[in-house]
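S.K.: Okay, here's the prediction I keep looking at, along with the sequence it came from:
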Amino acid sequence: MTAKIRTDRLNDPVIKYAGKNVVALPQKDTVAQALAFLRNQNITDEIVYIYIVDDDQSLVGVLPLRRLLNSDHKKKLADIMIENVVFVHNYDSVLDACNKFLEHRFLALPIVDKEKKIEGVIDISLFTDEVNAFARKSEQDNVFQLIGIHLAQGKRLSLMGTFYDRFPWLIFNIVSGIICAFIAGRYELLISQVTILALFITIILALAESVSMQSMTITLQALSGKRMYWKHMMKALRLEIIIALVLGIGGGISVGIIALLWKKQLMATLVIVLSIFFSMTNACLLGILIPALIRKLRIDPKIAAGPIVLAVSDVFTLIFYFSLASWLLAK
């Protein structure tokens, strides 16, 4: 394999660095035939993936070597291959290849022509330094995008450019803040009668926002560079429901003990405990569902999800908090 590429060669055609030791097998072959073929070949490089081709030698699938070794010898390769193949075009640059390695986390990628005939394979070891550099930048970008800032835009010198880049996402928070103010205003009399309600608004909202950001960060990491399957999202949702319930119980009891010892108002403390339980559970679910729905709409969830999740979480939390308080405490 060729030595690692210098960073000043990132715009070179990726085909220039392709390895030619590619294992491509017909899709109609059986597992037994594939294993026999491999045993008879003088393969010097490490093989991670077997590429599957049709009668025209066009790429139609990929098969990890581990899956091949663990499959029934009578099965055809077409039955066990992965059809959704990620590949690099022969006209793509080294930079394009680096981005695909980072996005899909494969160890090797086939290089194909316009008819999807394999011309070579590119190994991630060739680009280790570049992929690590892109990964670090991507992680930084994700952190900034969670709060509505592009990393590249954050380095602008233009004041107005920075303003236009950040302000649209603040609109969600402004709108939610105004809605929350109206909600609190509607219960102004109740708040004046039971002042403990006002004292704990901040901590209830803060806990909900923290949990929503945690769930959203985990969800964005899970969605990054992958096709979204709803069955996987439902599995994650079930797990997060359990986690949210535990977090809600723990958070509610912790704050409730302090509230009860401080103000000695049992019913008001019950409102606070139940509101924390609801808000943390609700926020946890919003942190999963909103990024998933945004991704389904083909919008980048890293940019839009943060402000939307926080805004919706705040509004739902206050509605529940004051509605419950009105029901249990109103005289």
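M.R.: Structure's in. What do you need?

S.K.: What are the buried residues along stretch 91-100?
M.R.: With burial defined by 16 or more other C-beta atoms under 10 Å, the residues of stretch 91-100 counted as buried are 92-100. C-betas here are computed from N, CA, C, even on glycine.

S.K.: Out of those, which sit inside helices?
M.R.: 94-100 (DSSP state H).

S.K.: closest to I290 among these?
M.R.: Each of those was checked against I290 using C-beta to C-beta; the closest is N99, at 26.3 Å.

S.K.: any residues touching stretch 277-288, and which ones?
M.R.: 204-205, 207-209, 211-219, 233, 236-237, 240-241, 243-245, 247-249, 251-252, 309, 312-313, 316-317, 320-321 (C-beta atoms under 8 Å, 6 or more residues apart in numbering).

S.K.: try stretch 197-217
M.R.: Contacts for stretch 197-217 (C-beta under 8 Å, 6+ apart): 146, 184, 187, 190-191, 240, 244, 247, 251, 255, 259, 268, 271-272, 275-276, 279-280, 282-288, 290-291, 305-306, 309-310, 313-314, 317-318, 321-322, 325, 329.

S.K.: Selection in PyMOL covering whichever of the residues you listed are buried, please.
M.R.: Burial among these is assessed by 16+ other C-beta under 10 Å; the matching PyMOL selection reads:
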select buried, resi 146+184+187+190+191+240+244+247+251+255+259+268+271+272+275+276+279+280+282+283+284+285+286+287+288+290+291+305+306+309+310+313+314+317+318+321+322+325+329
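
S.K.: what about the strands in the stretch 51-200 of the chain?
M.R.: 59-64, 88-89, 108-112, 118-123 (DSSP state E, counting those that start in this stretch).

S.K.: Save the ones you listed as JSON lines, and put in distance to Y49, mean neighbour count and mean pLDDT too.
M.R.: Output for these, formatted as JSON lines (distance: least, C-beta to C-beta, whole Å; neighbours: other C-beta atoms under 10 Å; pLDDT from 0 to 100):
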{"stretch": "strand 59-64", "distance to Y49": "5", "mean neighbour count": "20", "mean pLDDT": "91"}
{"stretch": "strand 88-89", "distance to Y49": "13", "mean neighbour count": "20", "mean pLDDT": "90"}
{"stretch": "strand 108-112", "distance to Y49": "6", "mean neighbour count": "22", "mean pLDDT": "90"}
{"stretch": "strand 118-123", "distance to Y49": "8", "mean neighbour count": "21", "mean pLDDT": "88"}
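
S.K.: Export the ones you listed as TSV, with columns for distance to Q33.
M.R.: Below are those laid out as TSV (distance: least, C-beta to C-beta, whole Å):
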stretch	distance to Q33
strand 59-64	13
strand 88-89	28
strand 108-112	21
strand 118-123	19
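
S.K.: And the lengthiest helix in the chain, what's buried?
M.R.: Determined from DSSP H, the single longest helix within the chain is helix 230-263. By neighbour count on 16+ other C-beta under 10 Å, the buried set for helix 230-263 is 233, 236-237, 240, 243-244, 247-248, 251-252, 255-256, 259-260, 263.

S.K.: From those residues, pick the one nearest L69.
M.R.: For the buried residues of helix 230-263, the residue nearest L69 by C-beta to C-beta is A236; the value is 30.1 Å.

S.K.: Look up the closest residue to that closest one, ignoring the ones flanking it.
M.R.: I288 (6.2 Å; C-beta to C-beta, 6 or more residues apart in numbering).

S.K.: Now that neighbour: phi and psi?
M.R.: I288 adopts backbone torsions of phi -100, psi -50, taken as degrees, to the nearest 10.

S.K.: before we move on, what about V86?
M.R.: The phi/psi pair for V86 (degrees, to the nearest 10) is phi -100, psi 130.

S.K.: Please list all residues in contact with it.
M.R.: Shown in contact with V86 (C-beta under 8 Å, 6+ apart): 100, 104, 106, 109.

S.K.: Count the neighbours of the third one for me.
M.R.: Read it as F106. Neighbour count of F106, defined by other C-beta atoms under 10 Å: 18.

S.K.: Could you list the buried residues of the host helix or strand of L220?
M.R.: In this assignment (DSSP states H and E), L220 forms part of helix 201-223. Buried positions in helix 201-223, judged by neighbour count with 16+ other C-beta under 10 Å: 201, 204-205, 207-209, 211-220, 223.
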